[in-house]
Structures are given as structure tokens and as C-alpha cells.
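Q: Quick one: sequence and predicted model below, then my questions.
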Amino acid sequence: MSVRPNLKILVIDENKIRASIIEAGLHEAGYTDVWVVGDIDGIATRIEALDPDVIVIDLENPNRDMLESLFQLAKAVRRPIAMFVDHSDTSSIEAAVEAGVSAYVIDGLRKERVKPIVDMAISRFNAFSRMARELEEARTELENRKLVERARGILMKSRGISEDEAYALLRKTAMNQNRKIAEIAQSLITAAGLLEPGDDT
Amino acid sequence: MTAGCRIAVGFLPLLDSALLIAAREKGFAEAEGIDLVLVRENSWASVRDRLAVGHFAAAHMLAPMPIAFNLGLAPLATPTIAPMALGLGGNAVTVSARLWAAMLEVGASLDLDPAINGAALRQVIASRQATEKLRFAVVHPHSGHNYELRYWLAACGIDPQRDADIVIVPPPLMPDALAAGRIDGYCVGEPWNSASVFQGTGRIVTTKSKIWRSSPEKVLGVSAEWADTNPDALSSLLRALYRAAQWCDDAANHADLAALLSRPGYIGCDAEWLMPALSGRLLSGEGGVIVVDNFFVPLARAATFPWRSHALWFYSQMVRWGQIEANETNERIARETYRPDLYRAALGPLGVALPGANSKVEGSLVDATPVGSAGASLILGPDGFFDGKVFDPDQVARYLSLS
């Protein structure tokens, strides 16, 4: 069976946001025949019906062993499927595993034809991870700020000091103990909770 | 001593990751100067990929995996060796409550007897005729689970290719797949059999230890390149794992071990689910307990020794089920994947029991038998296959012609 002029690409990803980011990227790069599947149930039938040239899946997907066994059986797929573009292309493989993406391509597909797809998937996976990390950092930052505010309130009340003095005290303690100011704040809140009379439920 | 040597090792959430987890958490790795970094993975494919790109030096692996890698049966595999096994047994076959009810009607037994329950299963399959084939799941095509399930079915007169469907499902997802009716049964490592019994959705019908006593399951798969360049670190790692096996073997530590393994970063399940496998007291599903001798063996009977006869038995099953062509080259690759020489070199100085041979006839020991050893004395067996067959590693072709 010959390869279609426009490669058919199947993206398997339970993470809908990431899947759509990859899909958009592939569309932008001129690939129009892109399919996205989130639910792994019935994947064998889907693969058989779609007969894709390239399959992109996240490395963490627990169903990869199942997927690979389908390729080995060659029941669901009419053509043998190998992993990645070219076994000798170690830097590409490393970058893919690093990014958390794996790609399966039909045997005999030329490297030049698939590499842009894999590269695209790698960069989009990395962009997604970066986005997720930044979101997580922003969330932690917000939580930390709340902790510090609460700790400052406790200090102001118990020691009768000003807002600035309370903050300076927290910062000095953190520096002396070589810990983060949010950690000091958390310890203080815990300690204050323990010292609170009559609330030991 | 390789002070401060960092070794990253991948694992899957299964009972027999115990040796690795105990080596880290109980200080055996640290005592050998190793900073053992354990990374939990979701699939064997991911373990393989990360070993191939050098993220891992070694990994908890299905024993046939490194053999399959070296035989070129897996994509993106790197040359891998097995210098140590991570215990014997630990798997079971579980069926849905519905299939169990049907098996009971035709004489299934509560004592997990593989011959009796296999015969019952054969009757159920025969009576289904036109209806859809029963579907069983295993964790990987190159796994002890796949081979022992097929061995059991075939020995009971059920053709695993024609009379049943065998599909792949990740271990932690087995109980859900069974409860949802997507599969009728499965063969998997603990705690994923007991999980279904605890939830009332499945029943254990037989165990790996009953299909083949003292049979191999997981190994420490090590990147051949890493092993070549880090021989001292590898020796230290093997010693730490052996100490961990000693600790895991002591029944007094089982509750502690179950609590350790149950943590979210490791297996992440109820500690209660791990006790049946550790104590050999499996749940019957009717409130009772079925005592299974040597269900999971972390240390005794040279449980961590990488027997070349084990490697060759796995190879024989790869041939039997059409995964690889039988020839001398492939047989040699399989045999040489296992590295008892490295095991001996690392553990010899500890004075622990080391078998005199690298290979043995599998299934010939009816009783526990003292054997020739270096260091401490060693008892092997019983190691019989339930159908009484014997595997002579020097006669692989003959064995295959008889099966």
C-alpha cells in the first residue's frame, strides 16, 4: 500500500487541551488529515478504520503496551508500524522522550516526511508542559502570598506590631533559618493554631 | 564502595517492586553508597524508552522483556542484561464473578487447583459455542503472565489462540476492566488480583505458583552499556537489592512492607490489599482464606538468582507462541541476556548461598532439595509444572516438539 500524499495523523491523548494544541499545530503546518482520540476504549477498531500513517501518543499513557501489542499483531493495522522516525536519529528520540511524546509511523515512511510531525509534537508538548508549570507556579505563588498575609496578621495581633514590622520579622527569621518565607509563615500558622485555647478537635 | 553514586531506576506499581522500594526506604542502598532514585512509570513501554535514552540505568522488568529487547522484538530497545531476578511467583489468574459462577456449576474448586479449574473453564468455553469468545487480559505480550496463562490454558485443552482472546491491559486497570465487563478474566501480579476480590467483582482461580512452582517473574533489567561502564555501582546495587530481599523475606516485616508499598508514590493502594500476597493467605471471596505456599518468594530457593534455564524457558515460549523464530542464534541471545556471572561477582563476598550451576532442569524437583552451593547452604524446589512436564534447557527443540 502506498503512502498518501497528505499523511493521515492520529493523535491519542487523554488530555483534551494538549490534544487540541497539537492538532492546531499540525493544521498550521499544513497537515489537514488529523484525527484526535481521547478515549482509549475501542482504539483497535478506530485505528483499523482510520488506517493512519502516523500515530502520536503521550509517553505517560498507560495503554501504550496495549497499543504496541496491536502493532505487533498487525491485526488492527494493515501495515507494520515502527516506532519513531529513524532508530539512528538518537537526538530526535531523546528530545521526544524528554518532552513526553512517542510517535509510531508505518514502516517504510521516509524520515523527511515524518520528522516535521515529530518535531512539531515535541515542541507542542514542551509548550504545554511549560504552560502547565507556569500555571502551577502562579497557583503556588498565590497560596504563599495568602499564607504570609495570615502569618503577618497573627504577629500583628499577638505582638502588637505594625504590618511592616511583622513582615520584616518574618523575612528576617526566614533568612536566619535559610528557609522560604512561606515556610516560616506556615509554621507560625500551625503553631498559632496549636496554641489557640479550647479548639483541639 | 561507590560513595554518593546516583542510580535512577524505573518501576511499575506492583508487589514485586518491593525489593527496589525496600532497598531505598530501609537504607540498604544508602549503606552501599547509592542514592537510589525510583521513578514510577505507567507502562513497560515507557520503562523501555527511558532506559533506551539513558534516563534510567536499570529498571524493574518483566523477565522476558530484556530477552525480547536483545532479540529485536521491541521498538526502540537498547541492549539490556538481567544480572538479578526480583523474586519468584506473585501472579494469579482472576475471573469475573459471572465466569466464576459458571465454572462452579461444572466443578470448579475453591483450592485454586489449576487442573480442576482449567477443566471447568474448558467446559464453560465448550458450552458457549456460538457466543463471543471469552476475553482474558495480560500485561504485556513478552511477560510471564502471557506465557503462564497460555501454558495453563493449553495444558487444560484450551487453545489460547482459537478458544479465547488474549488482550493487553495495564496492571492497575485490570480490576476496572473486569468490573466493567470489558474482559472476563486476567493474569496479573499482586495486588491487582486481590483488589478485584476485595471489591467483590472477581475471584482468583489459580496462581502462578500453582501453574509452575518457584517460577520466575521480574528481573532487574540493566542497560548493558551502563553495566559495562559502571561495574562497581552495579555490584553495589545488586548487594543492596539482596539485603532488601532478606528484609522482605522476614514475615515480621510484612506489615511494615505493606504500609511502605501502599504509599501514593509507590503502589498507591490500600495496605490491606498487599497482605494476602505477602502472607500467602489469599481471599476466597466468600469471607474465607486460601493458604498458598510460596505464593511470592523474595529470597528463598535462590529467588534472586538469574537462572539461564529461566531465560531459555521464556525463549521457548516466545517460539511456541510464534513471537520469534527458533534458531541457535536466538537461543544464544536469550541465554546470554541473563548474567549469573555478575550476580556471583557482586554477592560472592557476602558469603550468601550461591548455586553451583547457572542452569537447571526446570520442573524436576518434587520436594525441597539441598543442592551444591558456594557460601551458605541452599535449598531449591519444589519447582514442578502442574502438568508434570519437565524443561531441560539443553533440549529446547525437543521440549517444543512435545508441547
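A: Received, thanks. Residues are numbered from 1 along each chain as shown, chains lettered A, B, ... in the order given.

Q: what about residue B:383, is that helix, strand or coil?
A: Three-state call for residue B:383 (DSSP: H, G, I helix; E, B strand; the rest coil): coil.

Q: now swap in residue B:39 and tell me
A: strand.

Q: Pull up the gap between it and chain A, please.
A: Per Cβ to the nearest Cβ, to the nearest Å, residue B:39 is found 12 Å from chain A. The C-beta positions use only the backbone N, C-alpha and C, and glycine is treated the same way.

Q: My guess is that residue contacts residue B:58. True?
A: No: counting by Cβ atoms under 8 Å, residue B:39 stays clear of residue B:58, with 11.1 Å between them.

Q: who has more neighbours, the two?
A: Set residue B:39 next to residue B:58 and count neighbours by other Cβ atoms under 10 Å in any protein chain shown: residue B:58 wins out with 30 against 15.

Q: what's the pLDDT at the more buried one?
A: Note on residue B:58: pLDDT of 98.

Q: can you check residue A:75 too?
A: pLDDT at residue A:75 comes out at 48.

Q: element containing residue B:92?
A: Assessed by DSSP states H and E, residue B:92 sits inside strand B:91-96.

Q: Could you list which residues are in contact with the closest residue to chain A within the stretch 301-403 of chain B?
A: Per Cβ to the nearest Cβ, residue B:323 is where the stretch 301-403 of chain B lies closest to chain A, at 8.1 Å. Residue B:323 sits next to B:68, B:73, B:141, B:142 when contact means Cβ atoms under 8 Å, 6 or more residues apart in numbering or on different chains.

Q: Okay, buried residues for the helix or strand containing residue A:97 please.
A: If you go by DSSP H and E, residue A:97 is part of helix A:90-99. For helix A:90-99, a neighbour-count test (16 or more other Cβ atoms under 10 Å in any protein chain shown) marks A:92, A:93, A:95, A:96, A:97, A:98, A:99 as buried.

Q: same deal with stretch B:51-70?
A: Residues B:51-53, B:55-70 are the ones in stretch B:51-70 that count as buried (16+ other Cβ under 10 Å).

Q: just checking, what's the longest helix in the chain?
A: Since no chain was named, I'll use chain A. Of all segments of type helix in chain A, defined using DSSP state H, the longest is helix A:111-159.

Q: Actually, chain B is the one I wanted.
A: Under DSSP H, chain B gives helix B:231-249 as its longest helix.

Q: Please enumerate residues in contact with whichever helix or strand comes after that helix?
A: Note on helix B:231-249: by DSSP H and E, the next helix or strand toward the C-terminus is helix B:254-261. Helix B:254-261 is contacted from outside by B:15, B:17-18, B:21-22, B:25, B:247-248, B:266-267, B:271-272, B:274-275, B:278-279, using Cβ under 8 Å, 6+ apart.

Q: could you dump helix B:254-261 to PDB, C-alpha only?
A: Extracted as PDB, the C-alpha positions of helix B:254-261 are listed here (Å, rounded to 0.1, in the frame of the first residue of the first chain):
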ATOM      1  CA  HIS B 254       5.400  -7.700  56.200                       C
ATOM      2  CA  ALA B 255       3.100  -5.200  57.800                       C
ATOM      3  CA  ASP B 256       5.800  -2.600  57.500                       C
ATOM      4  CA  LEU B 257       6.500  -3.500  53.900                       C
ATOM      5  CA  ALA B 258       2.800  -3.400  53.000                       C
ATOM      6  CA  ALA B 259       2.500   0.100  54.500                       C
ATOM      7  CA  LEU B 260       5.600   1.200  52.600                       C
ATOM      8  CA  LEU B 261       4.400  -0.200  49.300                       C
END
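
Q: for it, the distance to its chain's centre please.
A: From the chain centre to the centre of helix B:254-261 is a distance of 20 Å (Cα atoms, centre = their mean, to the nearest Å).

Q: I'd like the average pLDDT over that helix.
A: If you average the pLDDT over helix B:254-261, you get 97.

Q: likewise stretch B:353-364?
A: 94.

Q: Okay, now it: how far is its last residue from its first?
A: Using Cα to Cα, to the nearest Å, one end of stretch B:353-364 lies 21 Å from the other.

Q: For it, list every residue counted as buried.
A: Result for stretch B:353-364 [16+ other Cβ under 10 Å]: buried residues B:353, B:354, B:355, B:358, B:359, B:360, B:362, B:363.
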